[in-house]
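Trainee: Need coordinates for the below:
(chains A and B)
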Amino acid sequence: MSQLITTPNMADPDGLYASLLAAHRGLTEAESHAMNARLVLVLANHIGDRRVLDQALALAREGTGPAG
Amino acid sequence: MPYDHKPFDYVAPRGLTEVEPRHPVVIIGAGPIGLAMAVELANHGVPSVVLDDNNVVSVGSRAICWSKRALEVLDRLGVGQACVAKGVTWKVGRTFHREAEVFSFDLLPEDGHKMPAFVNLQQYRVEEYLVARALAVGTDLRWKNRVTAVDQHADHAVLTVETPDGSYALEATWVIACDGARSPIRAMLGLEFEGELFEERFLIADIEMQADFPSERLFWFEPTFHTGQSALLHKQPDNIYRIDLQLGWDADPEVEKLPERIIPRIEKVVGRRDFTLDWTSIYTFQCRRLRKFVHDRVIFAGDSAHLVSPFGARGGNSGLQDVDALGWRLAAVVQGRAPEKALAAYDRERTFGADENLMNSSRSTRFMSPAHGVERLFRDAVLDLAGRAEFARPMVNSGRLSKPCVYPLNAPDDARLPDGARPGSVAPDAPQGDGWLIDRLGGRFVLVAFGEAPEVPGLPVIRPQPNAAVIRRWLASEVTGLYLIRPDQIVAARWVEATSEDVAAALAAAWEGRT
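Mentor: I've put the predicted structure just below:
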């Protein structure tokens, strides 16, 4: 069974961070939210493994408001 | 031609002038579920009385999409062929976003089944056929008989029934409440109908017109002809089309019902052409169910027990599956062949089925009618991506159409046999010469055998011709197999090899409702 990777797993984290910001440049806040939603769906499909995705959802949700 | 609603004759019931003997079963409501229930019980040798507060079949098309499983049940009741012959057979659904097709589905991608994936047929037609059938099997059908009170006793219930000639008391060992979404019986018993109401309204209209729309289910998200909302088009027999239009929660149902509001909207869907408006209705989306379907002597089936939002064809079809799961058990209890606790299995199986329907229906509703904020954000993201990325297409949810659930039975199983025929599933159909395997199953327990069949007293053995479809659906790569099939055509247990004792034990467990 796969586990969510929570240790560094990218060769160039700064580069990815910069690409994320660049992809959103020039968008309104609403457009950025919409793009993020699409991005989540695209990445979720690429990962495909529900177990990993559920762990990712839990990690992302952690500490924000009451448990969902 | 619009349907000609001929009223049925009210006849003053015996109970007005004499005390009627206690009836084994009284069914309340002569809708499709109540009528099907009466025919199913009669097929098992149990007569029933059916009470209805009205004297005509349904007004408006209402339930129109009859699933393969529902058609198999109707066929066993003797009206399936009539439904298929009259109805519009379809299996493909197409979903559009604005003008582009973003998702399509084929509900029966392989041949070799007696019944098609879906038939569209107005509820009033199905009721008409069932009324004729119920009368033919000797059902005591009483129109204009309205139940005003239910009194439960230890081993029976007493109904107070109002007629045009006054009221009378009617005793029944069992009462089946098939009195619909707003079930007065549910209210009389003070039962809570738990669940969700969604803030959404839809307009439904039956229109009559000459047109050549395909026999497919067409659904649009945000069509150009109905900005920002959604729409559905279904073809029915007799040149009748059903159109469902999303209105939103702010719409005033009284205003939206006016023909001058409806006609321009429909013209946008079908173009400017001659059509007549046959029937319209406005509904809200609800997903609710009773916590239990069996309440002492009163048993709930159909919409009185569970209510789902539309677009999944899960209302009428799930009601017929209630009939399927209840009929043989209640008949056996009435005839003393099974203990009363067997009815707990009806409750268990159909609340499970209801939950699956409610889950699917709630998910579709959330997609069609997302709340402001993040629900809307993801819904729009899926629709947007679906146009250019294949992966997003199956996420487009315009309704997941009714398929029978697989009951979670605690019964002997062998995973070497095909998954699609595991215990709890509907026994798979397959061609058999000029006929069908499904026709040899149902009405009684049978043992379907491939290879040697152990002998169990009173259990007939069915030996299908092993053609390619039979082997694929029943055996996979095994050469022997034994399937115990229930009277409702559900697989009760299965083995690659078994002894008489194994089969007899599974049979007893199924009768007693222990699986």
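Trainee: Check what pLDDT the residue nearest the centre of chain A gets.
Mentor: Chain A has residue A:40 as the residue nearest its centroid, 5.8 Å off, counting by CA atoms, centre = their mean. pLDDT, residue A:40: 98.
Trainee: That one: which element?
Mentor: helix A:29-47 (DSSP states H and E).
Trainee: How about that helix and chain B, any contact?
Mentor: Yes - Helix A:29-47 is in contact with chain B by CB under 8 Å from any CB of the partner chain, via A:33, A:34, A:37, A:38, A:40, A:41, A:42, A:45. Quick note: C-beta positions are derived from backbone N, CA and C, even for glycine.
Trainee: Return the residues in contact with the residue nearest to the centre of chain A.
Mentor: B:378, B:381 (CB atoms under 8 Å, 6 or more residues apart in numbering or on different chains).
Trainee: before we move on, back to that, tell me which residues in the helix holding residue A:40 are buried?
Mentor: Applying a neighbour-count criterion of 16 or more other CB atoms under 10 Å in any protein chain shown, one finds A:33, A:34, A:36, A:37, A:38, A:40, A:41, A:44, A:45 buried in helix A:29-47.
Trainee: Those residues of the stretch 351-500 of chain B touching chain A, which are they?
Mentor: B:374, B:377, B:378, B:380, B:381, B:382, B:384, B:385, B:389, B:391, B:392, B:395.
Trainee: just checking, the second one is part of a strand?
Mentor: When you say that, I think you mean residue B:377. No - going by DSSP: H, G, I helix; E, B strand; the rest coil, the assignment for residue B:377 is helix, not a strand.
Trainee: Between the residues of the stretch 351-500 of chain B next to chain A, which sits nearest residue B:409?
Mentor: Using CB to CB, residue B:395 comes nearest to residue B:409 of those, at 31.2 Å.
Trainee: which residues does the closest residue to residue B:40 other than its chain neighbours contact?
Mentor: In space, and not counting its chain neighbours, residue B:40 is closest to residue B:327: 3.6 Å by CB to CB, 6 or more residues apart in numbering or on different chains. Contact partners of residue B:327, counting by CB under 8 Å, 6+ apart, are B:37, B:40, B:41, B:43, B:44, B:487, B:488.
Trainee: cool, residue B:72 as well?
Mentor: Residues in contact with residue B:72 (CB under 8 Å, 6+ apart) are B:80, B:114, B:115, B:426, B:429, B:438, B:489.
Trainee: wait, is residue B:224 part of a helix?
Mentor: No - applying three-state DSSP, one finds residue B:224 to be coil, outside a helix.
Trainee: Now do it against residue B:97, distance only.
Mentor: Residue B:224 sits at a distance of 11 Å from residue B:97 (criterion: CB to CB, to the nearest Å).
Trainee: How about the residue of chain A found nearest chain B: what's its closest non-neighbour residue?
Mentor: Residue of chain A nearest chain B, by CB to the nearest CB: residue A:37 (3.8 Å). Leaving aside its chain neighbours, residue A:37 sits nearest to residue B:381 (3.8 Å; criterion: CB to CB, 6+ apart).
Trainee: What is the burial count for that neighbour?
Mentor: Counted with other CB atoms under 10 Å in any protein chain shown, the neighbours of residue B:381 add up to 22.
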